[in-house]
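[1] output the structure for:
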Amino acid sequence: MEPNPLSVVVGGVRWVPFDVQFATQEGVFSFALFAVDWVHAIERLEELKATARISGEIQGRVRA
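    Coordinates of the predicted model:
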């Protein structure tokens, strides 16, 4: 099986993006959560749910 073309290798470990969806009154939204496999993605989502907070507004972006 070919590696996911959107994956990245960090410190020799391949991280792949998983789609996280959530629903609000405004609609359904999603974002990518990088993890090494499905189980890791679920663990990271649980950590996100327990610790997420808004730290500020994003004012710009950096282009590679």
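
[2] ok, which stretches of this structure are strands?
    Using DSSP state E, the strands of the chain run over 8-10, 13-24, 27-35.

[3] mean neighbour count added to those strands, as JSON lines?
    Bear in mind the C-beta positions are built from the backbone N, C-alpha and C, glycine included. Converted to JSON lines, these look like this (neighbours: other Cβ atoms under 10 Å):
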{"stretch": "strand 8-10", "mean neighbour count": "10"}
{"stretch": "strand 13-24", "mean neighbour count": "12"}
{"stretch": "strand 27-35", "mean neighbour count": "11"}
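
[4] can you put those in CSV and add distance to Glu57 and mean pLDDT?
    As requested, the strands of the chain are exported to CSV (distance: least, Cβ to Cβ, whole Å; pLDDT from 0 to 100):
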stretch, distance to Glu57, mean pLDDT
strand 8-10, 26, 94
strand 13-24, 18, 96
strand 27-35, 17, 97
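
[5] and the ones you listed as CSV, adding distance to Arg53?
    Shown next, in CSV, are the strands of the chain (distance: least, Cβ to Cβ, whole Å):
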stretch, distance to Arg53
strand 8-10, 24
strand 13-24, 16
strand 27-35, 15
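
[6] which one of the ones you listed lies nearest to Lys49?
    Taking Cβ to Cβ, strand 13-24 is the member of the strands of the chain nearest to Lys49, at 9.9 Å.

[7] can you name the residues in contact with that closest one?
    Applying Cβ atoms under 8 Å, 6 or more residues apart in numbering, the external contacts of strand 13-24 come out as 3-4, 6-9, 28-38, 41, 45.

[8] now the angle from that strand to strand 27-35?
    Interaxial angle, strand 13-24 versus strand 27-35 (axes from the mean of the first three to the mean of the last three Cα atoms, to 10 degrees): 160 degrees.

[9] run me through the strand neighbours of strand 13-24, direction for each.
    Using DSSP bridges, the strands paired with strand 13-24 are strand 8-10 (antiparallel), strand 27-35 (antiparallel).

[10] make CSV out of those and add distance to Ile58.
    Shown next, in CSV, are those (distance: least, Cβ to Cβ, whole Å):
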stretch, distance to Ile58
strand 8-10, 21
strand 27-35, 13
